[in-house]
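[1] The amino acid sequence is not available; the structure is as follows:
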């Protein structure tokens, strides 16, 4: 049985999401804009939760609690309450108190225990959660719970995002339909090891906790931890992945892993291309590395370079900056071995400048800016280090004046 | 004998520089602008050289040679040739060849050996050095060598810099006048562990190599490695420090260290405040850390945060971003212990928001923007981690649309 026997296909949003999961999303008035700001995910009994959280020392207390609850739980957790508007971070004991008030109330409404609920927040740091408004609206939120309210939930978790980030895929394994659905938020402040990023994944193929943790960790490495908007990591980054349903035979694990990877990379790329002020998605593929960690590290160093990002913004094929950023990654390589491509153009051949049409490369980058066609906004850079056999990809975006404008004028 | 018995004073540029050193700076037509682009520093016989170089894997070959020559030399090196215009990096074997042609010629003109010469380059990466023009102008350069041509040399090493970076200080130790002079270039692409930064220091107090290396390493940690403009490290960063003259008694070493620190910090701060598009100097002091390395690491993480830099640019006292950046430094601390000040205003008291006048803090930041008064352009942030007794400072600048403009339109 090979992976190629199976194909995951994108499913339209109007379809039902993974079996047994319910979603809700409403406006509780936590944002000045009156947009949706409160979401709920309800998982079936016996669901398996896995999670990865911000590496920052300064963490919202809700992140600590969620991490603890996920660590010790197996088939115990049931729900995730998510709010946008206030991050519930850096507010001292009040943060913890508000977490407990909100999760206790939602547990009561759902008829489950407080410890069975997680809560994730995103928004302004250091401002107390508007807890009264939030609690008052929890009954409305619970009434909104439906199998096809996935879209509402995806809307409710957004902050400065310009686009909705959700994806739903399915495949059939031995006559059984398997679905994986993911939703995410994040635009500025995105860097490896998570950032002001929230992402949630649900899957209706049952997999035991240990294996699920491993699969999720693998997928995160190649997706959320391989994107960079501005090199920032936030107080609240969280990714929670849940599976439920009949256990699936382990020979099908590679298929499920493939599906998780697709969903995570789709969400991650959409976060990168929605980077504040971004006009394109920068995709850097590094080949010929000694191992895939090295490859991703070089690719991330390039995606994270302010000088590369501004050059791309100016449609300037400035290979010097690309090579210089690769050199700062901490990964050892020899410049005399390196091949560099921008799009299809071979710029460096074994470390030496190749004959190429600079105007053509400029035009290539320009054609990717503000493209209205999906997936036609990707500026591709490929480096072959020619030292090993491993590869890895990272994603970022260009750095524009708009980024500076958004972030020097941001208030709520 | 305490350090406070001695005072270093700034000396006017028209004064003579450290005893026995000669400087030159001319235009050789390497830049489109016709500005000065070729400099020379000639040290007395028996001088002691120390150096620190870029940590990037992708290095100009001249950097490798300089490092090697400094490592094995003791009282052997004599001269440094410096050019701006082309970085002589990423040009394959041609880079090495051009280094050798230029250093052999200058050695011949000075009547010394080729191995006694260093050469540092800065400018565009990947473009061959205009070696013919350079060599043709070496005789003019040598004729320009004078004790008081310090200013010419400081001008000739600049690239996109808007300001000259040089400093000359003196003190009297036991009736003997001691001078230390430094010059530097650098504006964009500046990060810890060096960047497109060249700096040179000369001192006329004789100190043996081992001790001198230690002093220079100490000074670099607290100056050039504590600044950040855009998180970039370049192919060519070099700092060379030379001493010459009668040996000085080791009880005076702390005085000399103090002098070196003053010169290096002055140059480093001027590089940070000349960051591309910068309107102020950001100075972050971290106190109460477990050791000074930790303190500097937290301070650098704040200076290097795009979100802090854009907030400062918008005169926004966004303490959430400051604390978040501190949390990403990798240094452990407890938010509930932290005090945060912006200027004189106490923003966080033991991790909790203090009463402060937000408009006053905004006005404080605003007053530092584009100040025409020297040293009145410093936005000061102070964090006390309250976990230990060590402190450290880092410097950066705001991030403006101008930075994006300069770097998306930069050609030569």
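    Okay, I see it. Here the structure is a predicted model, which means the values were calculated and not measured.
[2] In which helix or strand does residue A:71 reside?
    According to DSSP states H and E, residue A:71 maps onto helix A:61-72.
[3] Just the element for the spatially most central residue of chain A, please.
    Centroid-nearest residue in chain A, with Cα atoms, centre = their mean: residue A:268, separated by 3.9 Å. Per DSSP H and E: residue A:268 is located in helix A:253-273.
[4] since we're on residue A:201, how many residues are nearby?
    For residue A:201, the count of nearby residues is 24 (other Cβ atoms under 10 Å in any protein chain shown). Just so you know, the C-beta spots here come from the backbone N, C-alpha and C atoms, and that holds for glycine as well.
[5] Just list the residues touching it, thanks.
    Taking Cβ atoms under 8 Å, 6 or more residues apart in numbering or on different chains, we find residue A:201 in contact with A:180-182, A:216, A:239-242, A:260, A:263-264.
[6] Swap in 10 Å and give it another go.
    Residue A:201 makes contacts with A:18, A:50, A:167, A:180-184, A:216, A:219, A:239-243, A:259-260, A:263-264, A:267, as judged by Cβ atoms under 10 Å, 6 or more residues apart in numbering or on different chains.
[7] Repeat that for residue A:366.
    A:280, A:314-315, A:379.
[8] same deal with residue A:388?
    Residues near residue A:388 by Cβ under 10 Å, 6+ apart: A:287-292, A:294-295, A:333.
[9] Likewise for residue A:113?
    Residue A:113 sits next to A:76-78, A:103-104, A:107 when contact means Cβ under 10 Å, 6+ apart.
[10] of the contacts of residue A:366, list those near chain B.
    Counting by Cβ under 10 Å from any Cβ of the partner chain, A:314-315 from the contacts of residue A:366 sit close to chain B.
[11] ranking the contacts of residue A:366 by neighbours, who comes first?
    residue A:280 (26 neighbours).
[12] how close does that one get to residue A:376?
    To residue A:376, residue A:280 is 10 Å away according to Cβ to Cβ, to the nearest Å.
[13] Overlap of the contact sets of these two?
    Residues touching both residue A:280 and residue A:376 comprise A:367-368, with contact defined as Cβ under 10 Å, 6+ apart.
[14] farthest residue from the center of chain A?
    Distance to the chain centre peaks in chain A at residue A:355, reaching 38.4 Å (criterion: Cα atoms, centre = their mean).
[15] follow-up on the earlier one: make a markdown table from the contacts of residue A:366 and add secondary structure and pLDDT to it.
    Output for the contacts of residue A:366, formatted as a markdown table (DSSP: H, G, I helix; E, B strand; the rest coil; pLDDT from 0 to 100):
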| residue | secondary structure | pLDDT |
| --- | --- | --- |
| A:280 | coil | 92 |
| A:314 | coil | 91 |
| A:315 | coil | 93 |
| A:379 | strand | 95 |
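[16] Just the closest of the contacts of residue A:366 to chain B, please.
    residue A:314 (3.0 Å; Cβ to the nearest Cβ).
[17] Could you look up the SS state of the nearest residue to that closest one once chain neighbours are set aside?
    Nearest-residue entry for residue A:314: residue B:408, 3.0 Å, with adjacent residues in sequence omitted and distances by Cβ to Cβ, 6 or more residues apart in numbering or on different chains. Under DSSP: H, G, I helix; E, B strand; the rest coil, residue B:408 falls in the helix class.
[18] count of residues packed around residue B:408?
    21.
[19] Over to residue A:50?
    24.
[20] Surely it is within a strand?
    Yes. Residue A:50 sits within a strand when classified using three-state DSSP.
[21] I'd assumed residue A:214 was in contact with it.
    Yes. Counting by Cβ atoms under 10 Å, residue A:50 touches residue A:214, with 8.9 Å between them.
[22] Now do the shared contacts for the two.
    Listed as contacting both residue A:50 and residue A:214 by Cβ under 10 Å, 6+ apart are residue A:207.
[23] just to revisit the earlier point, measure the residue nearest to the centre of chain A to residue B:62 for me?
    Distance, residue A:268 to residue B:62, using Cβ to Cβ: 40 Å.
[24] Equivalent analysis for residue A:355, please.
    Relative to residue B:62, and taking Cβ to Cβ, residue A:355 is found at 26 Å.
[25] Give me the residue ranges of the stretch 201-350 of chain A where confidence is low.
    Counting by pLDDT under 70, the ranges of the stretch 201-350 of chain A that qualify are A:229-235.
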